[in-house]
Every structure is written in C-alpha cells, then in structure tokens.
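Q: Turn this into a structure:
(one chain, ligands or ions: 3)
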Amino acid sequence: MTDATKAGFVDFDSHIASAALPDGLREVLQVLARTCAEISDVVADGALAGALGASGQINVQDEEQKKLDVMTNDMLTDALLACPFVAGVASEEMDEVQPAIHPAGQYLVLFDPLDGSSNIDINAPVGTIFSVLASPSPTPTEADFMQPGRAQVASGYALYGAQTMLVLTTGSGVTGFTMAPEGRWLLTHPDIRIPADTREFAINMSNQRHWADGVQRYVTGCLEGADGPRGKNFNMRWVAAMVADVHRILMRGGVFLYPWDRREPEKPGKLRLMYEGNPMALLVEQAGGKATLDGVAPILDVVPERLHQRVPVALGSANEVDQIAAA
Ligand code: AHG
Ligand code: MN
Ligand code: MN
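A: Ligands and ions are numbered 1, 2, ... in the order given. Sure, this is the predicted structure:
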C-alpha cells in the first residue's frame, strides 16, 4: 500500500490522545500497542526467528508452553513493567502476579500473551488478549487483581492474521486498527457493532458427547436448520483461537461457546476468566453483544476467586445468546 493510500487514516496515538482518558492509561495502552506490533513481527518471522515448536515447559494451566508463548510473555512483561504507570502484571503463562518496582504505578495489566497456541505451527491465526484494571495499591498483591470484569478500564486484543489488527475498548464502544508497515496502527474500524441476529455458531463439535443437555439442545436446533425449531439454516466456524473467533463475531455476528463439559466436571470450563473471558466480554458488551457463562449470567459480574480460574463462555449476537439460554 502506498503512503498516499494510507494518508487520511488516524493513527493509534492520535486516536487515544483525543479520547478522554487519564494520561497514565494512555501510556499503558501505547505500550500494549507497541509491544503487540513487535510480537506481530516475531510471529510473522516464524521459523526464521526460531519461534516454532514446543518450549519443553509446562505452565500453571498444566499446558505445554510453545516457544512463542514464552517469548511473547517475556516481551509483554518486560515492556509493561518498564512503564511507570504499571503497578503490576499477571499472565496466563506465569504462576504468580508480578508487582512493578515503580513507586506510583496506577494500573494492573492481565494478558494472554499468545492465544490460539495450537495454531502457531500451522500458520493459522493467533492473537494477544489484554485487560487493564485500576490498581488499588501502588504495591499490589494478588488480591488486588481479583476484581470483576465490570471494573476493567480497558481491554482489547491483537489478531495476527491475514491482516494484523488491534481491537480496543476503553468503556465507550469498540474501535479497530489495522497495522501498516513499521508497526503503525491506523484506525480502520471506528465503531464496531455486533449484529443482534446471526446464522453462525462456533463450538468445538468434537466435544459434543460431553456437553450438558442445554448445550446439546441448542446446537442440535442449529444443526437441524430450516427443518428444525429455529426455522433457519446455520453455518459453523471454529478457528481454535478465541481471538479470531471473537473477531469474526465482532465483524459479522455469530456466537462462540466453550461450555462446561463432563470430562472434568470440577473444571468450570477451558477458558480463563482473567485473561480471556473478561477482556473479551467487555469488548462484546461494548459492541452491543452479550457475553455470558451460560446464555444468562454475564461474565463481567463474576467475582474472581482465583487468578487462574476458568469459566464457561457463551457470547456473541444478543438474540442468539438468548436462544442458548432458552434451549
Ligand atoms: P491458549 O492458546 O491461550 O491456551 O488458548 C486456546 C483456547 C482458545 O483460544 C480457543 O478458543 C480454544 O482454546 C481452542 O480449544 P480447542 O483446542 O478445544 O479447539
Ligand atoms: Mn488463550
Ligand atoms: Mn495463551
């Protein structure tokens, strides 16, 4: 793309400079945007950066870390802890919260540094998800991170896909930026809204036999299409990276489910409340959709009990999420 074509797009810094945000939050978001642009380069280099494959380590989620999980976690941790407005960070890839050494940090940042890790080695979309909270203390402990999603002052994600995009909310709508050369984020999607109705659902169908009865009934109704109770045909998509599946829903509607299932009944779900559920729920609600545990209870109202706790997730087009509840 020529510079002339790109002229006229507002860049990230100008956009957030014009938003009514505290200075410190603006700086934190700039660090996140800059680091996601750097991560995009590492992801794009793939084998050239020696970034493919497993790291040989297991994380606190009891999942095998990919090399890129570790590299991106370190990039975000280092960049955020160097920012004087950050009081501490927490990550899907780290056992414990990391307090900053700054005397006056005001924000806590929680992140999934690389979402969709199983896609890395097959060159399919991956992303970074982040959540920003006000810090109750300049020297935070884990208890200070235990705030419901409703308290988030910002959340967003970067999607390293066919286009590299950054999607952000600071609590008044959702905006999307597309990355131009040299890591410049340009505002291309000023007001993202999720259509209330859809004919598209996303769920890992290979788990069907383990689902609870309500989810079985909902998906069966979709699969029966025009001949079934819903009276319309449905399409199905599953990218296996929540960032990419949620991005599709923000662009054209749909629902995404990762429900509780019977395999490990004591585990509420697969996805993590603090790094996946809450940040995505704020974006979805801010775009006019619904983000729930079960079709009804909002994810953002969950009072966290543990840093790495998991939740069931059912989110997307508002009227379709209601159908999950009614099934
Ligand atoms: P992560 O790579 O951060 O562990 O997250 C993977 C999550 C989520 O992004 C995706 O929706 C889901 O796991 C995919 O699960 P399946 O392996 O069941 O498809
Ligand atoms: Mn993830
Ligand atoms: Mn991850």
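Q: What residue in the protein comes nearest to ligand 2?
A: Nearest residue of the chain to ligand 2: residue 115, at 3.5 Å (Cβ to the ion). C-beta coordinates here come from the backbone N, C-alpha and C atoms, glycine included.
Q: Might you list the low-confidence residue ranges for the stretch 1-150 of the chain?
A: Across the stretch 1-150 of the chain, the ranges flagged by pLDDT under 70 are 1-5.
Q: for the record, mean pLDDT for the helix or strand hosting residue 222?
A: Secondary structure assignment for residue 222, by DSSP states H and E: helix 213-223. The average of the pLDDT scores along helix 213-223 is 98.
Q: For the stretch 101-250 of the chain, just list every one of the strands.
A: For the stretch 101-250 of the chain, applying DSSP state E, counting those that start in this stretch gives strands covering 107-115, 126-134, 154-160, 164-169, 175-180, 184-189, 200-202, 235-236.
Q: Of those, flag the one that's most buried.
A: strand 107-115 (a mean of 29; mean count of other Cβ atoms under 10 Å).
Q: Can you tell me which residues in this protein are near ligand 3?
A: Residues of the chain found near ligand 3 (Cβ under 5 Å from the ion) are 92, 112, 114-115.
Q: hmm, try it at 6 Å
A: 69, 92, 112, 114-115, 117 (Cβ under 6 Å from the ion).
Q: Say whether ligand 1 is contacted by the longest helix along the chain.
A: In the chain, assigned by DSSP state H, the helix with the most residues is helix 23-45. No - Helix 23-45 lies out of reach of ligand 1 by Cβ under 6 Å from any ligand atom, never closer than 12.9 Å.
Q: Give the buried residues for stretch 71-78.
A: Judged by neighbour count (16 or more other Cβ atoms under 10 Å), stretch 71-78 contains these buried residues: 71-73, 75-77.
Q: Okay, and which of those map to helices?
A: Secondary structure from DSSP H places 71-73, 75-77 of the buried residues of stretch 71-78 in helices.
Q: Name the nearest of these relative to residue 248.
A: Comparing those against residue 248 with Cβ to Cβ places residue 72 closest, at 22.1 Å.
Q: mind listing what that closest one touches?
A: Counting by Cβ atoms under 8 Å, 6 or more residues apart in numbering, residue 72 touches 39, 42, 113-114, 128.
Q: hmm, 6 Å instead?
A: 39, 113-114 (Cβ atoms under 6 Å, 6 or more residues apart in numbering).
Q: ok, and the closest non-adjacent residue to it?
A: Excluding the flanking residues, the one nearest residue 72 by Cβ to Cβ, 6 or more residues apart in numbering is residue 113, at 3.9 Å.
Q: residues touching residue 104, list them.
A: Going by Cβ under 6 Å, 6+ apart, residue 104 touches residue 138.
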